[in-house]
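>>> got a predicted structure here, sequence first:
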Amino acid sequence: MTEDKNDFYNYSLLTKVAWLYYIEEMTQKDIGEQLGLSRIKIIKMLEEARIKNIVQFKFSTFDRLKIEAEKKLIKKYNLKDVYIAPSSSNDDENNTLSLAAAMYIDDLIKDNTYISMGYGKTVSKVLNNLANLSEKDISIISLTGGVAPYLPNNQSKVFNAKLYLLPTPLFMSSKETAKNIRKELAVKEILDMATLSKLSVVGIGGMDDEATVLESHILNNNDFIKLKMQGAVGDILMHFIDSNGNLVQSEIEEKLVSTNLDDLKTHENVIGVAAGREKITAIKAALIGKYIHTLITDEETAQLLIKGENFDE
């Protein structure tokens, strides 16, 4: 199964490079800069695309529609890049999405790359997939408190990543405690490291009944309902935002230990990984708020974002 997903990703990337070069008439240098690949790699990929008969100056309908959808989303939300993974028929669509994201990130990075990672189920799977498949030396810096999502899971056979984690819970008992803990040297050092990382990876949480914050008992149902009443449509790094991407002020926000959203906007390249009809409104809010530069999602979600449909609870 994993081998099939690897084949899909590699074929998809070859198709994208060939499209940008032959159809969009971009230079090899510009393609390399957009995708984070060297010019030599682009040349080799163009040759491989020719050998595999991807380049016949006639793209398959599926590839054409996929690349057109990526292009529309890039233009609509002024993004650096978009990668659309296949929609999964499995119960846990996060597996396909997280593996695709890990392969995309692995192509972007070099040895000794520092990557900042956010909180959440999908991003945790991205981290574990990346740590398993990458042959490069990578270091992961947590963007939030809470240790568990950043640790190897029971499916990790090899975990090739160094971890630099915020030594705090995600939420503190009071706003005073949270304020004081953020002043601690050990905490400030990790937050400062995160701003210097090559790229950052964040999930986008929704406000449905299966939201991670509810399933993992991070928030109780009453707190969750109050956030929805205050206009929250989703979260990034556990900061809840409204449909315009603005921060929702709440007691939850005051107790949180997490990189703040204004600081996230200063990061060099923020990759958002999210998919699902229940997250459409949250993803749109994150895009409108300009918190991410690159979106990794699936086919169904991409089409709904292009059409501008909402699925508010």
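Cool, the structure landed.

>>> mind listing the strands for the stretch 51-200 of the chain?
Assigned by DSSP state E, counting those that start in this stretch, the stretch 51-200 of the chain shows strands spanning 81-85, 113-117, 138-142, 162-164, 199-203.

>>> each with direction, which strands does the second one pair with?
What that stands for is strand 113-117. strand 138-142 (parallel), strand 199-203 (parallel) (DSSP bridges).

>>> so which residues make contact with the first one?
So that's strand 138-142. Under the contact criterion Cβ atoms under 8 Å, 6 or more residues apart in numbering, strand 138-142 has outside partners 109, 112-117, 119, 127, 130-131, 150, 160-166, 190, 193-194, 197. Bear in mind the C-beta positions are built from the backbone N, C-alpha and C, glycine included.

>>> quick one: average pLDDT of it?
Mean pLDDT, strand 138-142: 93.

>>> any low-confidence regions in the stretch 101-250 of the chain?
Scanning the stretch 101-250 of the chain for pLDDT under 70 picks out the ranges 154-158.

>>> right, so the strands paired with strand 113-117: which one is the most enclosed?
Mean neighbour count (mean count of other Cβ atoms under 10 Å) peaks for strand 199-203 among the strands paired with strand 113-117, with a mean of 27.

>>> quick revisit: save the strands of the stretch 51-200 of the chain as JSON lines, and put in distance to Val123 too.
Shown next, in JSON lines, are the strands of the stretch 51-200 of the chain (distance: least, Cβ to Cβ, whole Å):
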{"stretch": "strand 81-85", "distance to Val123": "15"}
{"stretch": "strand 113-117", "distance to Val123": "6"}
{"stretch": "strand 138-142", "distance to Val123": "10"}
{"stretch": "strand 162-164", "distance to Val123": "14"}
{"stretch": "strand 199-203", "distance to Val123": "4"}
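
>>> rewinding a little: JSON lines please, covering the strands paired with strand 113-117 and showing distance to Lys255.
Output for the strands paired with strand 113-117, formatted as JSON lines (distance: least, Cβ to Cβ, whole Å):
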{"stretch": "strand 138-142", "distance to Lys255": "18"}
{"stretch": "strand 199-203", "distance to Lys255": "20"}
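
>>> ok, which of these comes nearest Ile23?
Between Ile23 and the strands paired with strand 113-117, the tightest spacing by Cβ to Cβ is seen for strand 199-203, at 27.2 Å.

>>> any idea which helix or strand comes after the closest one?
Proceeding N to C from strand 199-203, the next assigned helix or strand is helix 212-215, under DSSP states H and E.

>>> need the contact partners of that next one.
Residues from elsewhere that reach helix 212-215, judged by Cβ under 8 Å, 6+ apart: Gly120, Lys121, Gly205, Ile218, Leu219, Asn221, Phe224, Asp235, Met238.

>>> for Val82, give its distance to Gly206.
Going from Val82 to Gly206 by Cβ to Cβ, to the nearest Å gives 19 Å.

>>> quick check: domain ranges of the chain?
Domain assignment for the chain, taken from automatic domain parsing, gives 1-59, 72-307.

>>> show me the helices in the protein, by range?
Here the chain has its helices, by DSSP state H, at 2-18, 28-35, 39-51, 61-77, 94-108, 121-133, 175-181, 185-195, 212-215, 221-229, 251-254, 261-264, 280-288, 299-307.

>>> out of the strands paired with strand 113-117, the one nearest Ile31 is which?
The closest of the strands paired with strand 113-117 to Ile31 is strand 199-203. By Cβ to Cβ, the value is 18.3 Å.

>>> list of residues touching that closest one?
For strand 199-203, contacts defined as Cβ under 8 Å, 6+ apart pick out 101, 105, 108-109, 113, 115-123, 126-127, 143, 194, 236-237, 264, 267-274, 291-292.

>>> switch the cut-off to 7 Å
Strand 199-203 is contacted by residues 105, 108, 115-118, 120, 122-123, 126, 143, 236-237, 267-274, 292 when judged by Cβ atoms under 7 Å, 6 or more residues apart in numbering.

>>> nearest to Glu184 among the contacts of helix 212-215?
For the contacts of helix 212-215, the residue nearest Glu184 by Cβ to Cβ is Met238; the value is 19.0 Å.

>>> who's in contact with that closest one?
By Cβ under 7 Å, 6+ apart, the contact list for Met238 reads Tyr119, Thr144, Leu170, Leu256, Ser258.

>>> dump those residues to a markdown table, plus neighbour count and distance to Glu24.
Below are the contacts of Met238 laid out as a markdown table (neighbours: other Cβ atoms under 10 Å; distance: Cβ to Cβ, whole Å):
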| residue | neighbour count | distance to Glu24 |
| --- | --- | --- |
| Tyr119 | 28 | 36 |
| Thr144 | 27 | 38 |
| Leu170 | 21 | 43 |
| Leu256 | 23 | 42 |
| Ser258 | 27 | 38 |
